[in-house]
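Student: the amino acid sequence is not available; the structure is as follows:
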């Protein structure tokens with residue numbers, strides 16, 4: 001028996017017609033806007049919910065996207081396609097490790113999703129932004145400035161740069177493990193040397209340009225050693241720049257321009273974490289006279305051995321854990337949850353953890 005063909009009802013649209021109509025309607029609903037304008041509106045909107053440092057980070061990452069759009073003749077976000085997003089990812093990933101690539105693409109996805117709210121891109125386009133998967137623990141623990149190396153840097157600074165702002169920066173970060181935002185927020189009055197336990201007081205002052213991570217929950221007192229007390233006394237007596245900031249506060253770490261900036265703190269760390277500048281042999285088989293990272297201040301971050309401030313914090317937390325300091329104590333001192341410590345900071349091997357747990361149990365039983 002021949003199967004009877006179902007007749008098409010006159011005037012009734014078929015599935016193809018419906019889909020084409022919906023697609024045309026979706027496209028017609030979009031409002032033209034350039035990539036640069038979209039990014040600017042996005043950043044202005046996010047200033048209400050993100051910290052300034054986060055907005056600045058998004059601005060920096062999205063600058064690559066607008067540059068790529070310009071180079072490829074994309075001047076209207078309405079025209080952006082999934083293939084464009086793939087081509088951008090291939091272009092952007094060059095020279096980046098997988099962690100950096102993920103950071104770049106995750107920011108782009110958030111931006112594209114936001115663009116839907118202003119009818120700038122096709123609905124659902126953000127789902128086409130591909131971001132690499134990070135194997136568990138990769139990237140979060142890849143760089144640690146371990147105690148022996150940190151101590152060798154401090155020994156060099158104590159001998160040749162004693163009491164300088166760079167020496168003080170390194171000494172505070174290595175001994176306390178605080179974030180660089182907290183270091184920048186310190187005032188001279190936050191150095192409490194006359195207390196029964198000398199300490200630094202971390203205070204959240206968002207209205208005066210020194211917000212700290214976790215806001216008021218990040219406020220705390222951090223005990224410091226007599227060695228650091230002496231260094232800070234000497235620094236304040238002889239080498240600190242006599243300046244105040246725009247809020248009439250006396251920054252503890254000061255430059256001729258006022259309170260030290262986050263970028264300057266990074267440069268201090270990049271500079272002195274290069275092995276060659278503290279008299280160590282280059283571990284990368286480079287000739288110092290021919291190495292840009294060794295001879296150009298603008299290139300110091302390009303040294304494979306140079307680090308940002310965060311590996312100092314990670315190394316400090318690791319050192320406490322290896323010494324058997326309870327996680328709760330480390331959590332309170334460093335203003336970081338035990339879960340985050342386990343995920344991002346604890347670089348101990350499973351064997352080290354087992355041995356330390358056993359040591360604690362044996363002390364408890366005795």
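Tutor: Structure's in. What do you need? Just so it is clear, the structure is predicted and the values come from calculations on it, not from any experiment. Residues are numbered from 1 along each chain as shown.
Student: C-alpha only now, for contacts and for neighbours.
Tutor: Fine.
Student: ok so residue 144 is a strand residue?
Tutor: No. Under DSSP: H, G, I helix; E, B strand; the rest coil, residue 144 sits outside any strand and is assigned coil.
Student: that one contacts residue 311, correct?
Tutor: Yes. The pair residue 144 / residue 311 is scored as a contact, 4.5 Å apart, by Cα atoms under 8 Å.
Student: now do residue 214 against residue 316, distance only.
Tutor: Remark: distance between residue 214 and residue 316 (Cα to Cα, to the nearest Å) = 20 Å.
Student: quick one: which of the two has more around it?
Tutor: residue 316 (26 against 11; other Cα atoms under 10 Å).
Student: and the more buried one, helix, strand or coil?
Tutor: Put simply, residue 316 is helix when judged by three-state DSSP.
Student: that one and residue 171 touch, don't they?
Tutor: No. Residue 316 sits out of contact with residue 171 when judged by Cα under 8 Å, with a separation of 11.7 Å.
Student: for stretch 154-162, buried residues please.
Tutor: 154, 156-158, 162 (16 or more other Cα atoms under 10 Å).
Student: same question for it, mean pLDDT?
Tutor: Summarised as a single mean, pLDDT over stretch 154-162 is 97.
Student: centre of the chain to it, how far?
Tutor: Taking the mean of its C-alpha atoms, stretch 154-162 sits 28 Å from the chain's own mean (Cα atoms, centre = their mean, to the nearest Å).
Student: quick one: contacts for residue 104?
Tutor: Residues near residue 104 by Cα atoms under 8 Å, 6 or more residues apart in numbering: residue 61.
Student: so which strand or helix has it?
Tutor: Residue 104 belongs to helix 98-116 when assigned by DSSP states H and E.
Student: for the strand or helix carrying residue 148, packing partners?
Tutor: In this structure, residue 148 sits in helix 147-160 according to DSSP H and E. Where contact means 3 or more Cα pairs under 8 Å, 6 or more residues apart in numbering; DSSP states H and E, helix 147-160 is packed against helix 165-176, helix 310-322.
Student: contacts for that helix?
Tutor: Contacts for helix 147-160 (Cα under 8 Å, 6+ apart): 167, 170-171, 174, 272-273, 278, 312, 315-316, 319.
Student: can you list those in TSV and add distance to residue 251 and pLDDT?
Tutor: Output for those, formatted as TSV (distance: Cα to Cα, whole Å; pLDDT from 0 to 100):
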residue	distance to residue 251	pLDDT
167	16	98
170	16	98
171	16	97
174	19	96
272	22	96
273	24	95
278	28	95
312	22	93
315	26	89
316	24	92
319	29	87
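Student: got JSON lines for these, with distance to residue 198 too?
Tutor: JSON lines is the format used below for the contacts of helix 147-160 (distance: Cα to Cα, whole Å):
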{"residue": "167", "distance to residue 198": "19"}
{"residue": "170", "distance to residue 198": "19"}
{"residue": "171", "distance to residue 198": "15"}
{"residue": "174", "distance to residue 198": "17"}
{"residue": "272", "distance to residue 198": "27"}
{"residue": "273", "distance to residue 198": "28"}
{"residue": "278", "distance to residue 198": "30"}
{"residue": "312", "distance to residue 198": "22"}
{"residue": "315", "distance to residue 198": "23"}
{"residue": "316", "distance to residue 198": "19"}
{"residue": "319", "distance to residue 198": "22"}
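Student: what's the closest of those residues to residue 331?
Tutor: Residue 331 lies nearest to residue 316 out of the contacts of helix 147-160, by Cα to Cα, at 12.1 Å.
Student: for the residue nearest to the closest one when sequence neighbours are not counted, what are its contacts?
Tutor: Nearest residue to residue 316 in three dimensions, chain neighbours excluded: residue 177, at 5.5 Å (Cα to Cα, 6 or more residues apart in numbering). Neighbour list for residue 177: 312-314, 316-317, 334 [criterion: Cα under 8 Å, 6+ apart].
Student: centre of the chain to the helix holding residue 148, how far?
Tutor: Centre to centre, stretch against its chain (Cα atoms, centre = their mean), the figure for helix 147-160 is 25 Å.
Student: which positions within stretch 78-90 qualify as buried?
Tutor: So, applying 16+ other Cα under 10 Å, buried residues of stretch 78-90: 78, 80, 84-85, 88-89.
Student: about what we covered before: determine which two of the contacts of residue 177 are furthest apart.
Tutor: Using Cα to Cα, the contacts of residue 177 span at most 12.3 Å, a distance reached by 312 and 334.
Student: among these two, which residue is more densely surrounded?
Tutor: Higher neighbour count among residue 312 and residue 334: residue 312, with 26 against 20, using other Cα under 10 Å.
Student: you'd agree the more buried one is up against residue 172?
Tutor: No. Judged on Cα under 8 Å, residue 312 makes no contact with residue 172 at a distance of 10.4 Å.
Student: so, low pLDDT: which residues of the stretch 201-350 of the chain?
Tutor: 347-349 (pLDDT under 70).
Student: quick one: the strands in the chain?
Tutor: 191-192, 199-202, 220-223, 254-255, 258-259 (DSSP state E).
Student: can I get those in TSV with mean neighbour count?
Tutor: Shown next, in TSV, are the strands of the chain (neighbours: other Cα atoms under 10 Å):
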stretch	mean neighbour count
strand 191-192	20
strand 199-202	21
strand 220-223	18
strand 254-255	20
strand 258-259	20
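Student: and of those strands, who's closest to residue 356?
Tutor: For the strands of the chain, proximity to residue 356 was assessed by Cα to Cα; strand 220-223 is nearest, at 24.6 Å.
Student: in its sheet, what does the closest one sit against?
Tutor: Here strand 220-223 has these sheet partners by DSSP bridges: strand 199-202 (antiparallel).
Student: residues making contact with the strand it pairs with?
Tutor: 182, 185-186, 190-193, 218-224.
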